[in-house]
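K.L.:
return atomic coordinates for the entry below.
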Amino acid sequence: MSIEASTELFLGRQPIMDATGNLVAFELLFRSGHANGAVIDDDVAATATVINHVFSELGVDAVLGGYAGFINLSAGLILSDVIELLPSDRVVLELLETVEITPAVLARLRELRDRGFQIALDDYAGNEALYGDTLDLVDIVKVDIQGMSAPVLEDVTDRLKRWPVRLLAEKVDAKDQVQHCAELGYELFQGYYFARPSVITGRRLSHAHGAIMRLTGLVAQDAESGEIERVFKENPDLSINLLRLVNSAAMGTRRRVRSLQDAIILLGRSQLQRWLQLMMFSAEGGSKGRFPSPLLLIAATRGRLMELLFDAAFGRNRGRGGDEAFLAGITSLMGGLLGMSLEEVFKGLPVPDSVRLAVLERSGAVGRLLSLAEGLERADVDTIQAELIHLPRLDASTVNDIHVAAMEWAHAIGRPGHH
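P.N.:
Numbering: from 1, shown residues only. Okay, the predicted model is just below:
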């Protein structure tokens, strides 16, 4: 990334969903390493560099796929020309709660709306006296429900209904919070409630999950292709998805593959293992919502991110380290998928001890990369910098480019016909 050597900029991304758990947007988080993790939008020049890199050089689809992007705005950025570099049809401009609402800011917000931008008000807590004029200009209000009692939340929500705005509940930690907010009229939700185990004990694996875990074990043990093929034949849905994958344009096959045996051979054991790991997540969504689920996208991105980081940090020829890094990234989110603790997940999942310890204890090189990946998702600069100290071959520019490449790969996995 073409920035000053003394400035480390990192891009984080958090999903925004609707009430049924469908992914509708991402909030993009820009963080600076030279300011103790503060939002860098106060540094207009640095932010302009990031925006140019993300939206012009790399392309908006690499970062956002087919979704909208929410971007935080400081007062300096609102009043600058940098905003006009952004695609108004893909971006929601998010007004930080720290912005002083001056006549100049209000005039600029009106101008930006006239240019086709949507405006969101961040971290709203019921203080409409401070935002009365602003509420007439915004399209979305993000209500921070953390620490709000039910009566307070209901009162804040009722007062907001005087304006024609869409309501977004942020910092949502549990599904019952989603249900309550949906009943109050909230349409959008932000938080990692979907990645948390909802039931710790007594949950049975679905038939699809059981079949995928059987196949995962067979592939890990390098079983005969015929044995793997028999399990596929017992599960027609998996067979169809496998044939779709190997016949997709992404695989580059010139002839149509029609047999399971040819598909297994063509895909190869390493790629088959990865596909099964991703199918574990997509099996969750099924009838609950459109593919891909937010959890699948995070898992796919995290797995690919860790694989690419491993190769950059240690070299591609270091054993099966890249494969283990990918596996650790995927399995680190399986607790949320299966509704059980990770310890329980690993009891039934045939993975190397190094992967299990990396996920459970953050041990070894892969465990360090997992901590780095989680820090990047949150744009947590303290965590990122603490891990990069031990990974001298990685710098901010390399890490950002790898992160965006992982996002792009995960979006490709989620496109219809690719899975």
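
K.L.:
by mean pLDDT, flag the weakest helix or strand of the chain.
P.N.:
Lowest on mean pLDDT, DSSP states H and E among the helices and strands of the chain sits helix 44-51, with a mean of 64.

K.L.:
domain parsing for the chain?
P.N.:
Following the assignment in automatic domain parsing, the chain carries domains at 9-195, 207-414.

K.L.:
same list (the ones you listed) but as JSON lines, adding mean neighbour count.
P.N.:
For every residue, glycine as well, the C-beta is placed using N, CA and C. Below are these laid out as JSON lines (neighbours: other Cβ atoms under 10 Å):
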{"stretch": "domain 9-195", "mean neighbour count": "18"}
{"stretch": "domain 207-414", "mean neighbour count": "19"}
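
K.L.:
re the thing from before, can you dump the C-alpha atoms of the helix or strand just after the least confident helix or strand of the chain in CSV for me?
P.N.:
Sequence-wise, the next helix or strand downstream of helix 44-51 (DSSP states H and E) is helix 60-64. Extracted C-alpha coordinates of helix 60-64, given in CSV (Å, rounded to 0.1, in the frame of the first residue of the first chain):
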residue,chain,number,x,y,z
VAL,A,60,-15.1,-2.5,-4.7
ASP,A,61,-16.2,-6.0,-5.4
ALA,A,62,-13.0,-7.5,-4.0
VAL,A,63,-13.9,-6.0,-0.6
LEU,A,64,-17.6,-5.9,-0.6
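
K.L.:
which strands and helices lie in contact with helix 60-64?
P.N.:
With contacts defined as 3 or more Cβ pairs under 8 Å, 6 or more residues apart in numbering; DSSP states H and E, helix 60-64 has these neighbours: strand 23-32, helix 396-414.

K.L.:
what angle separates the first one from helix 396-414?
P.N.:
For strand 23-32 against helix 396-414, the angle by axes from the mean of the first three to the mean of the last three Cα atoms, to 10 degrees is 170 degrees.

K.L.:
can I have strand 23-32 written out in CSV, keeping just the CAs?
P.N.:
Extracted in CSV, the C-alpha atoms of strand 23-32 (Å, rounded to 0.1, in the frame of the first residue of the first chain):
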residue,chain,number,x,y,z
LEU,A,23,-26.0,-10.7,5.0
VAL,A,24,-26.8,-7.2,3.5
ALA,A,25,-23.8,-5.1,4.1
PHE,A,26,-20.4,-4.7,5.8
GLU,A,27,-19.0,-1.9,8.0
LEU,A,28,-15.5,-1.1,6.8
LEU,A,29,-13.1,-0.1,9.6
PHE,A,30,-10.0,1.8,8.8
ARG,A,31,-7.4,1.9,11.7
SER,A,32,-4.0,3.5,12.0
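
K.L.:
what's the mean pLDDT across it?
P.N.:
On average, the pLDDT along strand 23-32 is 84.

K.L.:
ok, now which ones touch V143?
P.N.:
By Cβ atoms under 8 Å, 6 or more residues apart in numbering, V143 lies in contact with 124-125, 153, 156-157, 160, 167-170, 186.

K.L.:
for Q277, that is, sorry about that
P.N.:
With Cβ under 8 Å, 6+ apart, Q277 has these contacts: 216, 303, 326-327, 330-331.

K.L.:
again, only this time at 7 Å
P.N.:
Shown in contact with Q277 (Cβ atoms under 7 Å, 6 or more residues apart in numbering): 327, 330.

K.L.:
if I look at it, how far off is I330?
P.N.:
Q277 sits 4 Å away from I330, going by Cβ to Cβ, to the nearest Å.

K.L.:
show me where the stretch 201-350 of the chain has helices.
P.N.:
207-220, 225-233, 236-246, 260-267, 269-285, 294-314, 321-331, 334-338, 342-347 (DSSP state H, counting those that start in this stretch).

K.L.:
sorry, back to before: could the helices and strands packed on helix 60-64 be laid out in a markdown table, adding distance to A120?
P.N.:
Below are the helices and strands packed on helix 60-64 laid out as a markdown table (distance: least, Cβ to Cβ, whole Å):
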| stretch | distance to A120 |
| --- | --- |
| strand 23-32 | 9 |
| helix 396-414 | 21 |
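
K.L.:
out of the ones you listed, which comes closest to V63?
P.N.:
Ranking the helices and strands packed on helix 60-64 by proximity to V63 (Cβ to Cβ) places helix 396-414 first, at 5.6 Å.

K.L.:
excluding chain neighbours, what is closest to the most centrally placed residue in the chain?
P.N.:
With distances taken as Cα atoms, centre = their mean, I298 lies nearest the centre of the chain, 3.8 Å away. Spatial nearest neighbour of I298, chain neighbours left out: L333 (6.4 Å); criterion: Cβ to Cβ, 6 or more residues apart in numbering.

K.L.:
stretch 113-121: end-to-end distance?
P.N.:
By Cα to Cα, to the nearest Å, the extent of stretch 113-121 from end to end equals 14 Å.

K.L.:
same question for stretch 105-124.
P.N.:
Stretch 105-124: ends 18 Å apart by Cα to Cα.

K.L.:
adjust the sequence numbering to begin at 37 for everything that follows.
P.N.:
All right, first residue 37 from here; so that's stretch 141-160.

K.L.:
now what about that stretch, what contacts it?
P.N.:
106, 108, 111, 114-115, 119, 124-125, 127-133, 135, 167, 169-170, 173-180.

K.L.:
what do you get if the cut-off is 8 Å, keeping everything else the same?
P.N.:
106, 108, 111, 114-115, 119-120, 122, 124-125, 127-133, 135, 167, 169-171, 173-180, 192, 196, 204, 206.

K.L.:
helices of the stretch 87-236 of the chain, start to end?
P.N.:
Using DSSP H, counting those that start in this stretch, helices in the stretch 87-236 of the chain cover 96-100, 111-114, 139-150, 164-171, 186-196, 211-220.

K.L.:
dump those helices into a markdown table; add distance to R356 as well.
P.N.:
Converted to a markdown table, the helices of the stretch 87-236 of the chain look like this (distance: least, Cβ to Cβ, whole Å):
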| stretch | distance to R356 |
| --- | --- |
| helix 96-100 | 28 |
| helix 111-114 | 44 |
| helix 139-150 | 50 |
| helix 164-171 | 54 |
| helix 186-196 | 49 |
| helix 211-220 | 37 |
